[in-house]
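> Sequence and predicted structure, then a few things I'm wondering about:
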Amino acid sequence: MNNKSILNELSPYKPGKQVKEIKEMYGLNQIVKLASNENPYGFSENVKDYVLNSMHEFNIYPDGYTSELRTAVAAKLKINEKQLVFGNGSDEIVQIICRAYIYPGVNTVMATPTFPQYKQNALIEGAQIKEIPTIDGYHDLEGMLTAIDENTNVVWLCSPNNPTGSIIEKETLHSFLDRCPKNVLVVLDEAYYEYMESDLDAKMIEQLSAYPNLVILRTFSKAYGLAGLRVGYAVASEQLITKLDVARGPFNTSTLAQNAALIALEDDQFIQSSRAKNNDVKQAFQQFLTSIGWHYYDSQTNFLLVSTPISGEAVFQYLIENGFIVRPGELLGCPNTIRITLGHESDMKQIQDLLYQLDQEISKENE
Ligand SMILES: *Cc1c(COP(=O)(O)O)cnc(C)c1O
């Protein structure tokens, strides 16, 4: 049997270790996972009520058109319902985009470091990858523009960017889109949109009619707290969405997920309170990092990428033995950093104590 030869070179996604596994390994009673940018405050209470108190008809296929959620999202974003396609997380939308627009002979442009699924899926579809290093965590849009050639089919923008946390500024984004060839698909992944300060929002959805080559991705996995249910979506011109819809599986989001997302969407209060708590925690943690002289990248998200005086792997190992899981930068394409999801205030206090002690030890050794 011949498989796509690229599959012999790639490996499956390496998930963070399961909490249970780590507890057993290090004999810990409690583990705090700050590794996947999940919402530490859970999800809307209304979703809990729905899941517990509804008659679920799991024997029936889901609505393949995601009608109710579609209507609600379209109304919220003030767009036509036909400008939406839903996915099993925005991960699946990335896959659908690659399936639809990437084939051998084309190339695709993205930042590095950035969300790894763009590269993974584009490679599987046979693209050549052009990675443009970020500058202080920010996309180098001029560099990306220069990298575009006649074989470029898709450009990936991630704002705020995972793993750096930095946004693409409004003016920069507009200037890029105005100069990017119109036959190049531009994907703007806004997975952390709800965490951004509102005056930094480039409001690209309102300007979609000016950019028929633009696709915007959003998800219910981060601020909405529904990562386990898998719902994300793309917003674009109707024409573009029609193409993506062909490449989509007919029942790719479950009934439970669709209904939960619909209920979550209506609970603005939950998003507001998550944002507010996240901001307070972020400020306090940034102050702490400054106090020990550790650099961090600008972030408009619920995580911080922190430069570490020893390898990120070593800091990761130290933290995991003390009950905290973070993501070592070595796995994300940025050595000597760790990416920490901002958790509950009390957990952050503990992690600060641990990092303070570690910093003291490193300083002593260097004396
Ligand atoms: C988490 C994340 C996603 C994936 O989200 P799902 O909707 O859970 O698949 C996509 N893009 C970025 C940048 C992310 O950080």
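Now that the structure is in, tell me what you want to look at. All of these numbers come straight from a predicted model, not from anything done at the bench.

> pLDDT below threshold where in the stretch 51-200 of the chain?
The model of the stretch 51-200 of the chain has no residue with pLDDT under 70.

> Could you pull up the residues touching the residue of the stretch 51-200 of the chain found nearest the ligand?
The nearest approach of the stretch 51-200 of the chain to the ligand comes at residue 89, 2.6 Å away (Cβ to the nearest ligand atom). Glycine gets a C-beta too; all of them are placed from N, C-alpha and C. Residue 89 makes contact with 219, 221, 227, 230-232 under the criterion Cβ atoms under 8 Å, 6 or more residues apart in numbering.

> how far does the host helix or strand of residue 218 sit from the chain's center?
Using DSSP states H and E, the element containing residue 218 is strand 214-219. Taking Cα atoms, centre = their mean, to the nearest Å, the mean C-alpha location of strand 214-219 is offset from the chain mean by 11 Å.

> Going by neighbour count, which residues in that strand are buried?
Neighbour-count burial for strand 214-219 flags 214-219 (criterion: 16 or more other Cβ atoms under 10 Å).

> What is the nearest of those residues to the ligand?
Taking Cβ to the nearest ligand atom as the measure, the ligand lies nearest residue 219 of these, at 3.3 Å.

> restrict the buried residues of strand 214-219 to those near the ligand?
By Cβ under 6 Å from any ligand atom, the members of the buried residues of strand 214-219 lying near the ligand are residue 219.

> Contact residues of the protein facing the ligand?
Residues of the chain that fall close to the ligand, judged by Cβ under 6 Å from any ligand atom: 37, 89-91, 115, 158, 162, 189, 191, 219, 221-222, 227, 232.

> Next up, the contacts around residue 39.
Contacts of residue 39 by Cβ under 8 Å, 6+ apart are 222-225, 227, 274, 302.

> would CSV of the contacts of residue 89 with secondary structure and pLDDT be doable?
CSV is the format used below for the contacts of residue 89 (DSSP: H, G, I helix; E, B strand; the rest coil; pLDDT from 0 to 100):
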residue, secondary structure, pLDDT
219, strand, 98
221, coil, 98
227, coil, 98
230, coil, 98
231, coil, 98
232, strand, 98
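
> Most neighbours of all these, which one?
Using other Cβ atoms under 10 Å as the neighbour criterion, residue 231 leads the contacts of residue 89 with 30 neighbours.

> okay but that residue is in contact with residue 255, surely?
No - if you go by Cβ atoms under 8 Å, residue 231 and residue 255 don't touch, sitting 11.4 Å apart.

> tell me, what residue is most central in the protein?
The residue lying closest to the centre of the chain (Cα atoms, centre = their mean) is residue 191, at 4.5 Å.

> Verify the stated contact: it with residue 220.
No - taking Cβ under 8 Å as the definition, residue 191 is not a contact partner of residue 220, at 10.1 Å.

> Spit out the residues that contact those two alike.
Jointly contacting residue 191 and residue 220 under the rule Cβ under 8 Å, 6+ apart are residue 232.

> hang on, the earlier thing: list the residues that contact the closest residue to the residue of the stretch 51-200 of the chain closest to the ligand other than its chain neighbours.
If the residues on either side of it in the chain are set aside, residue 89 comes closest to residue 230, at 4.3 Å by Cβ to Cβ, 6 or more residues apart in numbering. Going by Cβ under 8 Å, 6+ apart, residue 230 touches 88-89, 91-92, 221, 253-254, 257.

> which residues touch residue 29?
Taking Cβ under 8 Å, 6+ apart, we find residue 29 in contact with residue 23.

> Looking at it now. What's its pLDDT?
pLDDT recorded at residue 29 is 89.

> so it, which of the three states?
coil (DSSP: H, G, I helix; E, B strand; the rest coil).

> what's the farthest-apart pair in the residues of the chain next to the ligand?
Farthest pair in the residues of the chain next to the ligand (Cβ to Cβ) is 158 and 227. Separation: 17.3 Å.

> Can you get me a residue count around residue 281?
Neighbour count for residue 281, taken as other Cβ under 10 Å: 20.
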